[in-house]
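**Student:** the following comprises the amino acid sequence and a computationally predicted model.
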Amino acid sequence: MSSLSELHLDALAEIFSIGAGRAALSLSEIVGDEVHISVPYVQVINSEDINATTLSLNSGRFGAVSQYFSGPFNAEAVLLFTEEQALKIVSDMMGSQMGIDELAEFEHEAMCELGNIILNACLSAMADILHFTLESSLPSYRVASADEILHRLKKNSNQPYVMVLHIDLTIEKRHTTGNLVFLLSSTSLTNLVIHINQFLGSIS
Amino acid sequence: MSTISAKRFDMEDIFNSLNLGVCVVDADSKVLLWNNWIAKHSDIKETDALNRQFEKVFSESVSPAFLTALKHTLTHRLPVVLSTALHRTPLPLYNASEANQQQTRMYQSITITPIQSQLNESCCLIQVTDSSTSIKREKMLRSHSEILKKEATTDSLTDICNRRFFDAHYEMAIAEAKRQKHPLSIFMVDIDFFKPYNDYYGHIAGDNAIKQVASALKSQLSRATDIVARYGGEEFVLVMPHLPQKIAEQFAEKLRSAVFNLAMPHINSSPFHRVTISVGLCTGIPENDDNLLNKADAALYQAKLKGRNRCICLPLCETEEYLEQ
């Protein structure tokens, strides 16, 4: 854990901001309106220390889009929004009005796409800047309670580290916040740090 | 085992039998594979598609979002999904339809995955599924659910709100009035001498009278915030927020005269010999355990006692004084 300094975190925040910019561009092409995404800060914590506050998992149910990434480091990346927010985003994007209980198959698919755009943009920015290639699975979407999400994050002993990106998303003037969570093994975290060090070395 | 079974089938036969569109393009987005499904739905033969740039294969344009997604997959080597909900019909693909019908573009779900050729080239696999059926099913389910929702809250005889809707609405209206500290008016309405009417004119005429009264009451409402519901047999209830006491009283009188002016004959109702209603009104800003509905009901009882075809208003407080009047 001590291997990640403020400098590393700043570099990561910088990289993910570039990714967020790319994602915003793709999204605004789809919705035909301005989209803003920013990553105000990045945290890396031990998954044992993760709790509802770290992820702002206050209450209710959450929509989670996951993709498994592999390459120089492996990670399960999960984008989390409250179900209510997820629904608002999708209905804003689709320009339709529907209740939470009416969220059906094709809204799930739309949520998958939204998550896919944000996850791919963040990961491809990272791959471009840190000079490596990543592979990824297709995204999947599921709805889970805060407890279920925390339980899954904590029980994962192979991936004891969690990198959390706080995400601010504004689509059609509606502001939403979410979290992008990466589950990392210690080897993956070490490899990530090596790549960040190489990058920092190359620019200093 | 897998090698044996792979050899027993020609992979091309499998691709061509799939019930989904499969297409492979290389790094320059030139088509390397074009299965039967996609040939059928695009009306473009494999021979006319192979080795041509994907977007130039079609005579119509491919959506910009699709081209961006394809470019992203080719550049970043990450898989991309294009959902039906956000894209509808990115590719010019059609469902075969009757000869005289206009062809409609197929709703599609698309995934684009990076793959490597045996020559180590970076390629992309494009998979297209037809989501027209699920969209149709979805639309049907939605319209059914809207109909059911409406039926569940509508009184089948009068077409105004039913008791179930009223119960839920009343609770919300009270909570809202308490929170915003604004007045709420409840009108309890009952048709006078309804049992003698039914006995004399018959149940069909009785039902008709209920319908006419309901529609006369409903026609008095003009704000979206106001509701009229059938409370029981010949009893109705109206919920209206934001009315000052004076206006609420005038409105109760309007309800009474609207029914009076229907001039429906009722031989067993003296002295007017027509269908009339009694109205009990309670209006005020509800606090704590105040029960507007009970007070409105008490007011209705007063109106009945005092001779019917009249309105009685009870404020939320000072009930006793009003009862003395």
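**Tutor:** Perfect, I can see it now.

**Student:** going by C-alpha atoms from here, please, whenever you check contacts or count neighbours.
**Tutor:** Noted.

**Student:** which residues of the chain fall in helices?
**Tutor:** You didn't pick a chain, so chain A it is. A:6-31, A:83-94, A:105-130, A:146-155, A:186-203 (DSSP state H).

**Student:** switch to chain B, that's the one I care about
**Tutor:** B:2-8, B:11-17, B:36-42, B:46-49, B:54-57, B:64-76, B:84-87, B:132-153, B:163-180, B:194-201, B:203-218, B:245-260, B:292-305, B:319-324.

**Student:** nearest to residue A:20, of those helices?
**Tutor:** helix B:64-76 (14.9 Å; Cα to Cα).

**Student:** circling back to that earlier point, just the helices of chain A: most buried one?
**Tutor:** Burial of those is given as mean neighbour count (mean count of other Cα atoms under 10 Å in any protein chain shown); helix A:105-130 ranks first at a mean of 22.

**Student:** could I get the average pLDDT for that one?
**Tutor:** Confidence over helix A:105-130 (mean pLDDT, whole number) is 89.

**Student:** what does chain B have sitting close to chain A?
**Tutor:** Within chain B, the residues that sit near chain A (Cα under 8 Å from any Cα of the partner chain) are B:65, B:76-87, B:135, B:138, B:142.

**Student:** from what I can see residue A:42 touches residue A:165, true?
**Tutor:** Yes. Residue A:42 lies in contact with residue A:165 (Cα atoms under 8 Å); the separation is 4.7 Å.

**Student:** in the chain, which residue is most central in space?
**Tutor:** As the question left the chain open, I've gone with chain A. Per Cα atoms, centre = their mean, the C-alpha nearest to the average position across chain A is that of residue A:180, at 2.4 Å.

**Student:** name the nearest residue to that residue, ignoring sequence neighbours.
**Tutor:** residue A:79 (4.4 Å; Cα to Cα, 6 or more residues apart in numbering or on different chains).

**Student:** same question for residue A:48.
**Tutor:** Once chain neighbours are set aside, the closest to residue A:48 by Cα to Cα, 6+ apart is residue A:154, at 5.8 Å.

**Student:** and that neighbour, how far is that from residue A:148?
**Tutor:** 10 Å (Cα to Cα, to the nearest Å).

**Student:** give me the angle between the worst-scoring helix or strand of chain A on mean pLDDT and helix A:105-130.
**Tutor:** One helix or strand of chain A scores below all others by mean pLDDT, DSSP states H and E: helix A:83-94, with a mean of 76. Helix A:83-94 and helix A:105-130 are oriented at 90 degrees to each other (axes from the mean of the first three to the mean of the last three Cα atoms, to 10 degrees).

**Student:** and the gap between residue B:174 and chain A?
**Tutor:** 24 Å (Cα to the nearest Cα, to the nearest Å).

**Student:** what's the neighbour count on the nearest residue to that residue once chain neighbours are set aside?
**Tutor:** Closest residue to residue B:174 apart from its sequence neighbours, by Cα to Cα, 6+ apart: residue B:286 at 6.9 Å. Residues within reach of residue B:286, counting by other Cα atoms under 10 Å in any protein chain shown, total 22.

**Student:** list the contacts of the spatially closest residue to residue A:68 that is not a sequence neighbour.
**Tutor:** Distances taken as Cα to Cα, 6+ apart place residue A:76 nearest to residue A:68, at 4.5 Å, with adjacent residues excluded. By Cα atoms under 8 Å, 6 or more residues apart in numbering or on different chains, the residues touching residue A:76 are A:66, A:67, A:68, A:69, A:182, A:183, A:184.

**Student:** buried ones from the residues of chain B next to chain A, can you make that a PyMOL selection?
**Tutor:** Those of those that count as buried under 16 or more other Cα atoms under 10 Å in any protein chain shown are selected in PyMOL with:
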select buried, chain B and resi 65+76+77+78+79+80+81+82+83+84+85+86+87+135+138
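
**Student:** circling back: need the contact list for the residue nearest to the centre of chain A.
**Tutor:** Applying Cα under 8 Å, 6+ apart, the residues near residue A:180 are A:77, A:78, A:79, A:80, A:164, A:165, A:166, A:167.

**Student:** contacts only, for the residue in the stretch 151-300 of chain B positioned nearest to chain A.
**Tutor:** Distances between the stretch 151-300 of chain B and chain A by Cα to the nearest Cα are smallest at residue B:152, namely 16.8 Å. Counting by Cα under 8 Å, 6+ apart, residue B:152 makes contact with residue B:164.

**Student:** got the helices of chain B as CSV, with distance to residue A:86 columns?
**Tutor:** Output for the helices of chain B, formatted as CSV (distance: least, Cα to Cα, whole Å):
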stretch, distance to residue A:86
helix B:2-8, 42
helix B:11-17, 36
helix B:36-42, 33
helix B:46-49, 39
helix B:54-57, 33
helix B:64-76, 21
helix B:84-87, 14
helix B:132-153, 19
helix B:163-180, 26
helix B:194-201, 53
helix B:203-218, 39
helix B:245-260, 43
helix B:292-305, 40
helix B:319-324, 50
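
**Student:** could those go into JSON lines alongside distance to residue A:195 and mean pLDDT?
**Tutor:** Converted to JSON lines, the helices of chain B look like this (distance: least, Cα to Cα, whole Å; pLDDT from 0 to 100):
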{"stretch": "helix B:2-8", "distance to residue A:195": "39", "mean pLDDT": "61"}
{"stretch": "helix B:11-17", "distance to residue A:195": "41", "mean pLDDT": "90"}
{"stretch": "helix B:36-42", "distance to residue A:195": "43", "mean pLDDT": "94"}
{"stretch": "helix B:46-49", "distance to residue A:195": "43", "mean pLDDT": "96"}
{"stretch": "helix B:54-57", "distance to residue A:195": "36", "mean pLDDT": "94"}
{"stretch": "helix B:64-76", "distance to residue A:195": "18", "mean pLDDT": "92"}
{"stretch": "helix B:84-87", "distance to residue A:195": "36", "mean pLDDT": "85"}
{"stretch": "helix B:132-153", "distance to residue A:195": "45", "mean pLDDT": "83"}
{"stretch": "helix B:163-180", "distance to residue A:195": "57", "mean pLDDT": "93"}
{"stretch": "helix B:194-201", "distance to residue A:195": "86", "mean pLDDT": "95"}
{"stretch": "helix B:203-218", "distance to residue A:195": "72", "mean pLDDT": "96"}
{"stretch": "helix B:245-260", "distance to residue A:195": "74", "mean pLDDT": "96"}
{"stretch": "helix B:292-305", "distance to residue A:195": "70", "mean pLDDT": "95"}
{"stretch": "helix B:319-324", "distance to residue A:195": "80", "mean pLDDT": "46"}
